[in-house]
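Asks: Predicted coordinates and the sequence they were generated for:
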Amino acid sequence: MTPDARQLFLCSCNSTAPIDAVGVASALGMSEAPVVHTMLCQKQLASFGQGAAGDVVVGCTQEARLFDEIATEAARTQTVRFVNLRENGGWSPEARGATPKLAALLAQAMLPEPDPVPSVSYQSQGQVLIIGPLDVALRWADALQERLGVTVLFTRVAPGTELPVDRSFPIYSGRISALTGWLGAFEAQWQQENPIDLDLCTRCNACIGACPEKAIDFSYQIDLSRCKSHRACVAACGAIGAIDFTRRDAARNDRFDLVLDLEESPALGMRVPPQGYFAPGTDLLAQVKAVASLVSLTGEFEKPKYFNYKPSICAHARSKKEGCTLCLDACDTAAIRPDGDKIYVEPHLCMGCGTCTTVCPSGALTYAYPDPAHAGTRLRTLLSTYARAGGRDACILLHGRKGGERLARHVRHGRGLPARVIPVEVHSVESVGLDLWLAAIAWGAADIVVLVAREDVEHYARLVEFQMRIGDTILQALGYQGRHLRFIDADDAPALDAALWNVHPSLGVRAPATFAPTSEKRTTLSLALDHLALHAPVPQRRIPLPAGSPFGAIAVNRDACTMCLACVGSCPEGAILDNVERPQLRFIETKCVQCGICAKTCPENAISLVPGLDLTPEARQPRVLNEAAIVGCSRCGKPLGTEKMIGAMLARLAGHSMFAAPGALDRLKMCADCRVVDLIHTEKSVDIRNL
């Protein structure tokens, strides 16, 4: 949107947050300075109601609902966006020097909304499966049966627990053997372990009276520790057939929309379970919260499709040779599975954390909510506006919703944020990776700090810290001193305060880049690395990197390589090439993602990976790794194959019985036509006309 003083509503919050309207207007290229109110949400609210029109930006988030209501009543606005200027810059010892940051945050708010993404739909009829001890499961089933269709699968029975007198809802006993699916599409499988099948039992009580050991009570399950195998209960049950001690078909299954798992060890152990599945365990308060959520999950629902997948550059596998598995290892919702040489991402299970897109070396998986181009545009706008307003040593503070809530609490109770720290909220901090980190450094950031909620710290560190180590290794090798990339536990207030206030800014680039971000991960990385290398305090040609890095070369053992070119067909990125004019094996380093499929495919084990970053122009050009002389047919001279390939074939077949006859092995040095001719002349052939 075009900056206009009449569409920008600023407030100093009772003069506690100093705002330099002239400085903001200059940084945003506005023709006049906006008015800075002191009580916009109170006594000056009328000025907002009368002046808000078109696309509006409000420098306050606390009263967002109030401003939305006023704008809706006035019916003159198209969009109303909110920026938290007070907590992000106004409440700080450096508030009077925070004008560049405030201008940057306002400039970001004026950007167009990201393009809409496809949606993923769910349909739930409210059929819920409750798993757990009989007494607890029945308690919640009784509470839910008026709102939802209830089914109980109890796994054990507390002494004295009875089944309801009325059969109001299905009740089964057994042990969960498999549970898959998502909201509206769960499939449960369980094993019927007790001799009494409750689906057949009429609760006539005949078995209870017949059992001499009193091993059957009004839960209608047999206590096998007390049962003496007299089978009087079987006779009492008679034609009903509900009791069977030799049951072979014990597997049961059914479909449900929702699952309430009350077991101590949940059936689904992934870190982020699918929507519609609740596992509060034995915690009563957690059970209440889960039940409150369950009753609202009936009907049709939608969520964004968080990812895009480009299978043509996926480095998972080729010809059943496994390569990259980073996305499968990273996914905590079990949404990603192998699908032949590719992968398949189940959109109903994907919860949008974005870790898979961060660790993906090729960019086959990209985040879509928003896409990297839009996220990059936000960062570039922030940094360019900040620099234009005179800001220096910008520190980008990335946080999600949970991290943002912790940050706001820290700001209120601590020293606030330094003037150089620019908070940026994203849907998931795990979705922003090496490409945007390095691009932000190239656009002028000195540091990137990721704020992680405590419950996510271990997961984030395990998967993303390595990416940060790669980025810092590259930056420090180029002479950009300091630790540029780090993450902080949002609940560790002392560490957060120290990281924001006491850490000396890292060395940034001398001349900020101007390139536009792209949706292609490797393209954005290439643009960022080119700029950082061009302005590097310590120019480098090649930077060694740890194993597992997404950059590197391959080394070919020329003595072992037979030039079979199997590696050419196996490379998913087109980094390994042949030459149609001569027998050459060529390689383009910038395309290599170090997936290792070529090394696994090579029959001679002649290929090894060499992680590292080549910053020379030659890395973009094909270079010859191996070449071989052509051997011609020994009779006609027609090109037959490479010298090493023919030699290897002769060596392997030299002892084979099929080639034991004199001259038989020499035919392998001939083309197909000449072999036939040689057979006719040398073998004792028979003329068909003489038969």
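Replies: Arrived safely, thanks for sending. These numbers come from a predicted model, not from an experiment.
Asks: all strands for the stretch 401-550 of the chain, in order.
Replies: 421-425, 445-452, 485-489, 542-544 (DSSP state E, counting those that start in this stretch).
Asks: Please name the strands paired to the helix or strand following the shortest one in the sheet, noting orientation.
Replies: Proceeding C-terminally, strand 542-544 gives way to strand 552-556 as the next helix or strand, assigned by DSSP states H and E. The partner list of strand 552-556 in its sheet, established with DSSP bridges, is strand 607-614 (antiparallel).
Asks: What residues sit buried inside the strand it pairs with?
Replies: 607, 609-614 (16 or more other Cβ atoms under 10 Å). Glycine gets a C-beta too; all of them are placed from N, C-alpha and C.
Asks: So what's the gap between that strand and the chain middle?
Replies: Distance, stretch centre to chain centre, for strand 607-614: 26 Å (Cα atoms, centre = their mean, to the nearest Å).
Asks: rewinding a little: of the buried residues of strand 607-614, which is the nearest to residue 98?
Replies: residue 613 (36.4 Å; Cβ to Cβ).
Asks: quick one: contacts of the lengthiest helix in the chain?
Replies: In terms of residue count, the longest helix belonging to the chain (DSSP state H) is helix 454-477. Residues from elsewhere that reach helix 454-477, judged by Cβ atoms under 8 Å, 6 or more residues apart in numbering: 271, 329-330, 332, 355, 358-359, 402, 429-430, 433-434, 437-438, 441, 450, 452, 482-487, 489-492, 506, 529, 532, 538, 540, 543, 545-546, 548-550, 613.
Asks: same thing but 7 Å
Replies: Applying Cβ atoms under 7 Å, 6 or more residues apart in numbering, the set of residues contacting helix 454-477 from outside is 271, 330, 332, 355, 358-359, 430, 433-434, 437-438, 441, 452, 483-487, 489-491, 540, 543, 545, 548-549, 613.
Asks: With stretch 20-33 instead?
Replies: 3-5, 10, 34, 36, 99-100, 102-103, 106-107, 385, 388-389.
Asks: how about the buried residues of strand 607-614, which pair is most distant?
Replies: 607 and 613 (19.4 Å).
Asks: re the thing from before, work out the gap between the longest helix of the chain and the centre of the chain.
Replies: Using Cα atoms, centre = their mean, the offset of helix 454-477 from its chain centre is 15 Å.
Asks: Over to stretch 109-129?
Replies: 17 Å.
Asks: Quickly list what residue 58 is bridged to.
Replies: residue 9, residue 82.
Asks: Going forward, the N-terminal residue is numbered 44.
Replies: Sure, I'll start numbering at 44, so the last one becomes residue 101.
Asks: Mind picking the one among the buried residues of strand 650-657 that's closest to residue 238?
Replies: Nearest member of the buried residues of strand 650-657 to residue 238, counting by Cβ to Cβ, is residue 652, at 58.7 Å.
Asks: Just the pLDDT at that closest one, thanks.
Replies: pLDDT, residue 652: 97.
Asks: residue contacts, it?
Replies: So residue 652 contacts 595, 597, 637, 639, 642 (Cβ under 7 Å, 6+ apart).
Asks: Let's see if you can find the most crowded of the contacts of stretch 63-76.
Replies: residue 145 (29 neighbours; other Cβ atoms under 10 Å).
Asks: Let me know whether that residue touches residue 126 as I believe.
Replies: No: counting by Cβ atoms under 7 Å, residue 145 sits too far from residue 126 to count as a contact (8.2 Å).
Asks: if we can go back for a sec, so which of the buried residues of strand 650-657 is the closest to residue 380?
Replies: Out of the buried residues of strand 650-657, the member with the shortest distance to residue 380 (by Cβ to Cβ) is residue 652, at 25.8 Å.
Asks: Any figure for the gap between the closest one and residue 309?
Replies: 39 Å (Cβ to Cβ, to the nearest Å).
Asks: repeat for residue 461
Replies: From residue 461 to residue 309 the distance is 43 Å (Cβ to Cβ).
Asks: The two: which is more packed in?
Replies: Taking neighbours as other Cβ under 10 Å, residue 461 and residue 309 compare with residue 461 leading, 22 against 19.
Asks: which residues touch that one?
Replies: 135, 137, 543-544.
Asks: Could you pull out the strands in the stretch 594-734 of the chain for me?
Replies: 595-599, 619-620, 627-630, 650-657, 666-670, 673-675, 682-685.
Asks: Quick one: closest of those to residue 180.
Replies: strand 650-657 (53.1 Å).
Asks: Could you give the average pLDDT over stretch 134-147?
Replies: pLDDT averaged over stretch 134-147 gives 93.
Asks: hmm, who's touching that stretch?
Replies: By Cβ under 7 Å, 6+ apart, stretch 134-147 touches 59-63, 66-67, 70-71, 128, 132, 425, 428-429, 432-434, 454, 458-462, 465.
Asks: just the buried members of these?
Replies: Buried, going by 16+ other Cβ under 10 Å: 60, 62-63, 66-67, 70-71, 128, 132, 425, 428-429, 432, 434, 454, 459-462, 465, out of the contacts of stretch 134-147.
Asks: What's the local residue count around residue 720?
Replies: Count around residue 720 with other Cβ under 10 Å applied: 13.
Asks: State the distance from it to residue 710.
Replies: For residue 720 relative to residue 710 (Cβ to Cβ), the value is 10 Å.
Asks: Closest one of the contacts of residue 652 to residue 246?
Replies: Distances from residue 246 to the contacts of residue 652, taken by Cβ to Cβ, are shortest for residue 639, at 61.8 Å.
Asks: pLDDT score for that closest one?
Replies: Residue 639 is given a pLDDT of 96.
Asks: Over to the one 3 residues further on?
Replies: In the prediction, the pLDDT value recorded for residue 642 is 97.
Asks: Quick check, it in contact with residue 635.
Replies: No: with contacts counted by Cβ under 7 Å, residue 642 stays clear of residue 635, the gap being 11.5 Å.
Asks: the more surrounded of the two?
Replies: The neighbour count for residue 642 versus residue 635, taken as other Cβ under 10 Å, is higher for residue 635 (27 against 19).
Asks: so what's the nearest residue to residue 164 once chain neighbours are set aside up against?
Replies: Computed as Cβ to Cβ, 6 or more residues apart in numbering, the closest residue to residue 164 that is not its neighbour in sequence is residue 345, at 5.2 Å. Residues in contact with residue 345 (Cβ under 7 Å, 6+ apart) are 162-164.
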